[in-house]
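Chemist: sequence and predicted structure are below.
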Amino acid sequence: MHRFKYRARSLYCEDVKVARIAREVGTPLYIYSKNTLLDHYRKIRDALREASPLICFSVKSNSNLAVLKTLVNAGAGLDIVSGGELYRAKLVKVDPRKIVYAGVGKKRDEIMDAIRYGILFFNIESHEELALINRCAREMKRKVNIAIRINPDVQVSTHGYITTGMGGTKFGVDFKTAKAIFRSSWKYRNAKIRGVHIHIGSQILDARPFQSAIKKVLRFLETNKIFVEYLNIGGGLGIVYSLEKPQTALSFAKKILPLVRKSKLKLILEPGRFISGNSGIMVTKVLFRKKTGQKNFIIVDSGMNDFIRPSLYEAYHTVRPVTKSRGRLKKTRYDIVGPICESGDFLAKGRALPALKQGDLLAIMGAGAYGYTMSSNYNSRPRASEVMVDRKKFLVVKKRETYKDLVKGELFRG
Ligand SMILES: Cc1ncc(COP(=O)(O)O)c(C=O)c1O
């Protein structure tokens, strides 16, 4: 349950009118509900309480410092994938023993930085990566923990771009390679393999693929008499964008806990979207209306540079008017498109909405995950502002970029 609800005709985030924030901060604009973030974090934590899991929020889904700090203060750890995400993690002063570091292409300086900070685990994705981490740790006279990311080759019904646990993707290592790595682990004196990691994809609506992936991995450990302490099952829990009926945290836990109990391994999770997805919206303003052929277009002031999910994954996001019109009005079908010079620049297609006019505000729902973090400056457009709402108060937690920000670091001669 999120806290973006109508009171009379106005959309509110917690106890603040969305229209008021848009008026004061401008558009395009991301708005996050602090108490929705906390609710979602507590839901997954409490559902799995029996296993005392370490919940590492996936920074890539929403890396705003205010979001990270909110979750870290509530006890969350962080799942990171780059030196930049580690930098953010340090700024919010997360306990380093609550950081897990994934990603197929870690660089030497990123690895050393993470070793220096004392993170809990590197989730390694290749044999060569393990060798490099071991070398770095040896040079630094440190010992580090490793979890091997195994690609369990399970079928997941989600968009191909967010499927990561099937054979043929670049993620993790197959069972045969994992076995070879375990067999050669004596060589790596400074990098001890203490866990296994899986992350099979994103927006997964039922627990079955998780169950089969976990079963496969546990069977692998048992068959090969491999002993580790940690089982990291990644993220990937799906959420409601429109008519989906995803598993609840409780039903997920019911399916997963028996397996974890039997394995006696310590549990780690890396949810992103489940916590941040429905904790945020993007607000945009209608610039122009036009009709071409049979289509009604609404041109808004945010584009694929601000929110790329519809263009990249054909993701469906519910669009709501920030202020509802009076009475029961006839609806029109609109394509809601941005100002970017690409035909793929759209936020929604064929949506039935009450007649819109210039200046109206629209809310793109469920934009809290992979929204701002995937935004860019394409077409030299400054990135949007981000705001966090906590009950009756709101705070700008990221200022809108300026044209000066756009050219920062650029040089030319003559
Ligand atoms: C290794 C890893 N963990 C966790 C996540 C978070 O996934 P989600 O936001 O679907 O929970 C991702 C997303 O890509 C990932 O790659």
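Modeler: Received the coordinates, thanks.
Chemist: buried ones in whatever helix or strand Asp335 lives in?
Modeler: Under the criterion of DSSP states H and E, Asp335 resides in strand 331-337. For strand 331-337, burial by neighbour count (16 or more other CB atoms under 10 Å) applies to 334-337. C-betas here are computed from N, CA, C, even on glycine.
Chemist: and those residues as CSV, adding distance to the ligand and pLDDT?
Modeler: Listed next are the buried residues of strand 331-337 as CSV, based on distance: CB to the nearest ligand atom, whole Å; pLDDT from 0 to 100:
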residue, distance to the ligand, pLDDT
Tyr334, 29, 96
Asp335, 28, 97
Ile336, 24, 98
Val337, 27, 98
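Chemist: show me what contacts the nearest residue to Asp405 once chain neighbours are set aside?
Modeler: Distances taken as CB to CB, 6 or more residues apart in numbering put Pro382 closest to Asp405, at 6.3 Å, once the chain neighbours are dropped. Pro382 sits next to 400-403, 405-406 when contact means CB atoms under 8 Å, 6 or more residues apart in numbering.
Chemist: out of the residues you listed, which are inside helices?
Modeler: Judged by DSSP state H, the contacts of Pro382 include 403, 405-406 as members of helices.
Chemist: which one of those residues is nearest Arg326?
Modeler: Nearest to Arg326 among the ones in helices among the contacts of Pro382 is Tyr403, at 39.3 Å by CB to CB.
Chemist: which positions in the stretch 51-200 of the chain make contact with the ligand?
Modeler: 58, 60-61, 79, 102, 199 (CB under 6 Å from any ligand atom).
Chemist: who wins on neighbours among the residues you listed?
Modeler: Among those, Asp79 has the most neighbours (other CB atoms under 10 Å), with 32 neighbours.
Chemist: returning to what we had before: in the next helix-or-strand element following the strand holding Asp335, which residues are buried?
Modeler: Heading C-terminal from strand 331-337, the first helix or strand you meet, by DSSP H and E, is strand 346-354. For strand 346-354, the neighbour count (16+ other CB under 10 Å) marks 346-348, 351, 353 as buried.
Chemist: just give me the closest of the residues you listed to Arg309.
Modeler: Leu347 (9.0 Å).
Chemist: ok, the closest one touching Ser302?
Modeler: Yes. With contacts counted by CB atoms under 8 Å, Leu347 reaches Ser302, the gap being 7.2 Å.
Chemist: need the buried residues of strand 346-354 in TSV with distance to Lys392 and pLDDT, can you?
Modeler: Listed next are the buried residues of strand 346-354 as TSV, based on distance: CB to CB, whole Å; pLDDT from 0 to 100:
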residue	distance to Lys392	pLDDT
Phe346	35	98
Leu347	29	98
Ala348	31	98
Arg351	31	96
Leu353	29	93
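Chemist: any idea how far the nearest residue to Lys143 once chain neighbours are set aside lies from the ligand?
Modeler: For Lys143, ignoring the flanking residues on the chain, the nearest one in space by CB to CB, 6+ apart is Asn190 at 5.5 Å. Per CB to the nearest ligand atom, to the nearest Å, Asn190 is found 24 Å from the ligand.
Chemist: surely Asn190 touches Ala131?
Modeler: No. Proximity of Asn190 to Ala131 does not meet the contact threshold set by CB under 8 Å, at 10.8 Å.
Chemist: how is the protein carved up into domains?
Modeler: 4-32+277-406, 34-276 (automatic domain parsing).
Chemist: follow-up on the earlier one: anything in contact with each of Leu347 and Ser302?
Modeler: 284, 338.
Chemist: check contacts around whatever residue of the stretch 251-400 of the chain ends up closest to the ligand.
Modeler: In the stretch 251-400 of the chain, the residue found nearest to the ligand is Gly272; the distance is 2.6 Å by CB to the nearest ligand atom. Contact analysis of Gly272 by CB under 8 Å, 6+ apart lists 57-62, 79, 202, 235, 369-370.
Chemist: so which of the residues you listed are in strands?
Modeler: Judged by DSSP state E, strands contain the following of the contacts of Gly272: 57-58, 79.
Chemist: is Leu231 in a helix, a strand, or coil?
Modeler: strand (DSSP: H, G, I helix; E, B strand; the rest coil).
Chemist: wait, Val389
Modeler: strand.
Chemist: list the contacts of it.
Modeler: Residues near Val389 by CB under 8 Å, 6+ apart: 13-16, 21, 31-34.
Chemist: any figure for the gap between the nearest residue to it once chain neighbours are set aside and Asn73?
Modeler: Distance criterion CB to CB, 6+ apart; nearest residue to Val389, sequence neighbours excluded, is Cys13 at 4.4 Å. The gap separating Cys13 from Asn73 is 20 Å, by CB to CB, to the nearest Å.
Chemist: settle it for me: which of the two has more neighbours?
Modeler: Cys13 (29 against 12).
Chemist: low-confidence ranges in the protein?
Modeler: Low-confidence segments of the chain, defined by pLDDT under 70: 157-166, 328.
Chemist: dead centre of it: give me the residue that sits there.
Modeler: By CA atoms, centre = their mean, the chain has its centre lying nearest to Ser61, at 2.0 Å.
Chemist: so which bits of the stretch 251-400 of the chain are right by the ligand?
Modeler: So the stretch 251-400 of the chain meets the ligand at 270-274, 369 (CB under 6 Å from any ligand atom).
Chemist: can you do 8 Å?
Modeler: 270-277, 369-370 (CB under 8 Å from any ligand atom).
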